[in-house]
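> Need coordinates for the following:
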Amino acid sequence: MKLRILITATLVLVLVLTACAGQPQATPTQQPTKPAAEATKPAPAPTAPAAQATKPSAQATKPAEPAAKATEPAKPASQPAAANAAVEAFYKGKTITVIVGNSAGGGYDLYTRLLARHMGKHIPGNPTLIVQNMPGAGSLVATNHLYNAAAKDGTVFGSVDRGIPGEQLIGTEGVQYDANKFNWIGSMNEEVSVCVARADSPVKTFDEMFSKPLKIGGTGPGADTDMFPNFLNAVLGTKFDLVSGYPGGNDINLAMERNEVQGRCGWSWSSVKSTRPDWVKNGFINILVQMALHKHPDLPNVPLIMDYAKDEKTKNMMEVVFARQTMGRPLVAPPGVPPERIEALRKAFVDTMNDPDLKAEAEKSQQELSVISGDDIQKLVARILQTPKDQVDILAKYMAAERSK
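Residues are numbered from 1 along each chain as shown. Here you go, the predicted structure:
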């Protein structure tokens, strides 16, 4: 009898223990958050059996891990928002200085001032933009300043000559920058440059440039006004007589009006139309040639410089030199500016270029617009600086010989 009672008690005890062991399995479904919370805050166990009792609970939290991982992709979405907020907080109440590497009144200056009048409302925090001219040496002075001395916090950027990467490429004296390390913001258009001569000068057509000299003005070695005529003298044998050192393009125009010089080479057609449209209309100048890889639609009857390439080697060098026209009116920020501020400036640039108010003002002043992104300019600069060394050596030799005359 006692044995039967003992066996019965034992069976009851086994059944009770089995039932108790099954209960924790139901808790994750009934209360999914409880085990996870308990797992994150384990209470110190005073005895070994109690510590062992926590093990099933810890194991029960494992199915919750995928849910925790599922929240991770949300982080990148919050990071741009945080970055935008930080950019807005930084620029709020600030003033951005936009340096122009040429004198007031020229094409670079007019384009930059047009942008500055509208860009502030598209930058987070809506800072004020002021324009400061820093002419000299074909914008080398301004470029060196932006690279070496300007604030690297996003409160300074500038407009420089599109020939700046080319000057580094051929080793022009006075270059104190690495164009690859700049933060290029964008360009306001692509350019076709022209050579013009006063209508009363001895030179009436570009073909006469091979037999007659033409006295022209230039702003410095980094500018199209100097680079293009020097290059053409070296590789084609033209007879441009360059007088360099004018502070900016508008100063060359004034010199032409005074008959100090007879013409100007490497002058953007968009700038001709916006600053001296009457010169074309009244016949004060003759347009001799257009310098780019392709003709401008406005000038179907003006010869293209690429048609004068004597051989394949000359053509290749001409493509290197005139590819810079794609850069148009480049805007650049110093190296070292925080990436999120550069991205904000690049986006603000594109948004500004699509601003109806800016477009209306540009149309009224006959300023051609085409948006070239900062990323595209960055890639173009890299390609220019990767020009094969044999071509660079030939080009540099030609240019050095021409400048030493």
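
> who's in contact with residue 378?
If a contact means C-beta atoms under 8 Å, 6 or more residues apart in numbering, then residue 378 has 183-184 as its contacts. Backbone N, C-alpha and C define where each C-beta goes, glycine included.

> I'd assumed it was in a helix, is it?
Yes. Assessed with DSSP: H, G, I helix; E, B strand; the rest coil, residue 378 lies in a helix.

> and stretch 174-192, what's its mean pLDDT?
Computed over stretch 174-192, the mean pLDDT rounds to 95.

> Could I get the buried residue list for it?
Neighbour-count burial for stretch 174-192 flags 175, 177, 179, 182-192 (criterion: 16 or more other C-beta atoms under 10 Å).

> Return the subset of those lying in helices.
Using DSSP state H, no member of the buried residues of stretch 174-192 sits in helices.

> What is the nearest of these to residue 345?
The nearest member of these to residue 345, counting by C-beta to C-beta, is residue 185 at 5.3 Å.

> what's the domain layout of this protein?
84-190+328-388, 193-325+396-403 (automatic domain parsing).

> which residues of the stretch 251-400 of the chain fall in helices?
Listed in chain order, the helices of the stretch 251-400 of the chain (DSSP state H, counting those that start in this stretch) span 269-275, 277-281, 312-322, 339-353, 356-364, 374-384, 389-403.

> Among the ones you listed, which comes closest to residue 120?
Closest to residue 120 of these, according to C-beta to C-beta: helix 339-353, at 8.5 Å.

> picking up where we left off before, out of the helices of the stretch 251-400 of the chain, deepest packed?
The highest mean neighbour count among the helices of the stretch 251-400 of the chain, using mean count of other C-beta atoms under 10 Å, belongs to helix 269-275: a mean of 22.

> pLDDT (mean, whole number) over that helix?
Helix 269-275 carries an average pLDDT of 91.

> ok, back up a step: turn the helices of the stretch 251-400 of the chain into JSON lines, including distance to residue 139.
Converted to JSON lines, these look like this (distance: least, C-beta to C-beta, whole Å):
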{"stretch": "helix 269-275", "distance to residue 139": "14"}
{"stretch": "helix 277-281", "distance to residue 139": "24"}
{"stretch": "helix 312-322", "distance to residue 139": "17"}
{"stretch": "helix 339-353", "distance to residue 139": "19"}
{"stretch": "helix 356-364", "distance to residue 139": "22"}
{"stretch": "helix 374-384", "distance to residue 139": "15"}
{"stretch": "helix 389-403", "distance to residue 139": "17"}
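
> among those helices, which gets the worst mean confidence?
Among these, helix 389-403 carries the lowest mean pLDDT (a mean of 80).

> Which strands or helices does that one pack on?
Helix 389-403 is packed against helix 164-170, helix 224-236, helix 312-322, with contacts defined by 3 or more C-beta pairs under 8 Å, 6 or more residues apart in numbering; DSSP states H and E.

> Quick one: closest of the ones you listed to residue 289.
helix 224-236 (8.8 Å).

> Could you list the paired strands of the helix or strand that comes right after the closest one along with their orientation?
Going down the chain from helix 224-236, the next helix or strand is strand 240-243, by DSSP states H and E. On the basis of DSSP bridges, the sheet neighbours of strand 240-243 come out as strand 214-217 (parallel).

> Now do the strand it pairs with: distance to the chain's middle.
On the basis of C-alpha atoms, centre = their mean, to the nearest Å, strand 214-217 sits 33 Å off its chain's mean C-alpha point.

> Find the nearest non-adjacent residue to residue 128, please.
residue 95 (4.8 Å; C-beta to C-beta, 6 or more residues apart in numbering).

> from what I can see the one you found touches residue 127, true?
Yes. Look at residue 95 against residue 127 with C-beta atoms under 8 Å: they come within range, at 6.2 Å.

> what's the closest of the helices of the stretch 251-400 of the chain to residue 123?
Per C-beta to C-beta, nearest to residue 123 of these: helix 339-353, 4.4 Å.

> and the nearest residue to residue 361 once chain neighbours are set aside, how many neighbours does it have?
Spatial nearest neighbour of residue 361, excluding adjacent residues (C-beta to C-beta, 6+ apart): residue 114 at 6.3 Å. Residues lying near residue 114 (other C-beta atoms under 10 Å) number 20.

> likewise residue 81?
When neighbours are defined as other C-beta under 10 Å, residue 81 has 9 of them.

> Mind listing the shared neighbours of residue 95 and residue 127?
residue 155.

> Neighbour count for the two, which is higher?
For residue 95 versus residue 127, neighbours defined as other C-beta under 10 Å are more numerous around residue 127 (20 against 12).

> My read is that the more buried one contacts residue 91, right?
Yes. In terms of C-beta under 8 Å, residue 127 counts as a neighbour of residue 91; the distance is 4.4 Å.

> re the thing from before, tell me which of the helices and strands packed on helix 389-403 lies nearest to residue 155.
The closest of these to residue 155 is helix 164-170. By C-beta to C-beta, the value is 21.2 Å.

> list the helices and strands that closest one packs on?
Judged by 3+ C-beta pairs under 8 Å, 6+ apart, the packing partners of helix 164-170 are helix 140-148, helix 374-384, helix 389-403.

> let's go with 6 Å and repeat that
helix 389-403 (3 or more C-beta pairs under 6 Å, 6 or more residues apart in numbering; DSSP states H and E).

> Taking helix 312-322 as reference, get the angle to the helix it packs on.
Inter-element angle recorded for helix 389-403 and helix 312-322: 80 degrees (by axes from the mean of the first three to the mean of the last three C-alpha atoms, to 10 degrees).

> Just the residues contacting helix 389-403, thanks.
169-171, 230, 233-235, 317 (C-beta atoms under 6 Å, 6 or more residues apart in numbering).

> nearest to residue 307, of these?
Taking C-beta to C-beta as the measure, residue 307 lies nearest residue 235 of these, at 13.9 Å.

> can I get the helices and strands packed on helix 389-403 in JSON lines with distance to residue 391?
Output for the helices and strands packed on helix 389-403, formatted as JSON lines (distance: least, C-beta to C-beta, whole Å):
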{"stretch": "helix 164-170", "distance to residue 391": "10"}
{"stretch": "helix 224-236", "distance to residue 391": "12"}
{"stretch": "helix 312-322", "distance to residue 391": "6"}
